[in-house]
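Visitor: Structure, please.
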Amino acid sequence: MRILVTGASGFAGSLLVPRLLADGHELRALGREPGRVRDALERTSSGRRANGSAAPAVEVVRGDALTGAGLAAALDGVQIAYYLIHSMEPARNASPAPFAQRERIAAENFATAAAAAGVDRIVYLGGLQGRGEGPGSRHLQSREQVARILLDAVPSSVALRASIVIGARSRSFRFLVRLVERMPVLALPAWRNFHTQPIDERDIIEMLASSATAAVAGRSLDVGGPDVLTYGEMISRIADLMLIGRPSLPIGVNLTPLTGRLAAAIAGENPELVLPLMEGLGGDLLPGDDHADQLLGVQLHSYDAAVEHALAEWETFEPLAAR
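Guide: The predicted structure is shown next:
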């Protein structure tokens, strides 16, 4: 089967490409900067090849969903297209428009081009919707809008909705690890008591791969790991598994604009990435009873197993405190 993967230089895309190649699919990858895509795929492949063999060949093409350039050529002859593009961070030479507007424009361009090319299915990875009060996170609302755009254009498409993915190159997980490393006392706002179901990167990649052929056409599926945890428990378990003792200091309010910028500074992250993510911490982020793991035939890893795997992989390219 001929498959196009967008976002192949990103965290999920760079892991998905070798997984799809292992199933014997013919792969094409789309990127604004093909060199970055090739570098990312080489890093992922070389980090996972034990015998020193050459990385499998992937056709890498230039294209930009935001402008629509190159999409028709990239989608030509493709049966399945993975849409793993997110526009939270302004890219070089990208539109200065707010990320939600960039997300919508890029999704509409891609959906139109995919429908015109006769693509059988688009597979999208989005985010779970919160259950707190108020209108909710702009970031999560935007991802839900993207899912609707893609499913409306190609009705047999599949959207997976996850909360935090646990992996060595997951921005959300790396953010939590940096806070544990750099904060001698874990001062956690009120969102520490909200619940979620983080998922192992290995499980989300298996789900994405299975979504190409599984009988789940036209579905949006909530996905999560087997463990329901508060954010405070997640962070404490990371500290324990890193063998770092960290006392905690509960804070009774969220004050996201202030605490988000402070947390971004401590973790060395871009506030424009952290703030939209923290806006989603207004309530529980829990999957519905979609039984996605059963529908997609995936055996889930526990949270501790996911963290141990992510930390071990992290140490192959970067040292961690107290490990």
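
Visitor: how about the strands of the stretch 101-250 of the chain, start to end?
Guide: 121-127, 158-162, 165-166, 186-188, 195-196, 199-200, 219-222, 229-230, 248-250 (DSSP state E, counting those that start in this stretch).

Visitor: who wins for proximity to residue 64 among those strands?
Guide: Among those, the nearest to residue 64 by CB to CB is strand 121-127 (17.3 Å). Using the backbone N, CA and C atoms, a C-beta is placed for each residue, glycine as well.

Visitor: Report the angle between that closest one and strand 158-162.
Guide: Strand 121-127 runs at 20 degrees relative to strand 158-162, counting by axes from the mean of the first three to the mean of the last three CA atoms, to 10 degrees.

Visitor: so what strands line up beside strand 121-127?
Guide: strand 80-83 (parallel), strand 158-162 (parallel) (DSSP bridges).

Visitor: where's that strand relative to the chain centroid, distance-wise?
Guide: Offset of strand 121-127 from its chain centre (CA atoms, centre = their mean, to the nearest Å): 10 Å.

Visitor: ok, now stretch 101-110?
Guide: So, by CA atoms, centre = their mean, the centroid of stretch 101-110 is 17 Å from its chain's centroid.

Visitor: mean confidence for it?
Guide: In this model, stretch 101-110 has an average pLDDT of 94.

Visitor: Run through who's touching that stretch.
Guide: Contact with stretch 101-110 is made by 6, 65-68, 71, 81, 83, 85-87, 94-95, 97, 122, 142-143, 145-146, 149-150, as judged by CB atoms under 8 Å, 6 or more residues apart in numbering.

Visitor: Equivalent analysis for stretch 314-323, please.
Guide: The list of residues contacting stretch 314-323 from outside it, by CB under 8 Å, 6+ apart, reads 47, 168, 177, 181, 242-244, 311.

Visitor: how about CSV for those, with pLDDT, distance to residue 191 and neighbour count added?
Guide: CSV is the format used below for the contacts of stretch 314-323 (pLDDT from 0 to 100; distance: CB to CB, whole Å; neighbours: other CB atoms under 10 Å):
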residue, pLDDT, distance to residue 191, neighbour count
47, 50, 33, 12
168, 94, 24, 20
177, 90, 18, 23
181, 87, 20, 17
242, 92, 21, 18
243, 89, 26, 10
244, 88, 21, 15
311, 96, 23, 18
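
Visitor: now, among these, which is nearest to residue 14?
Guide: Within the contacts of stretch 314-323, the smallest distance to residue 14 is 9.9 Å, found for residue 47 (CB to CB).

Visitor: so which of the strands of the stretch 101-250 of the chain gets nearest residue 307?
Guide: strand 165-166 (5.9 Å).
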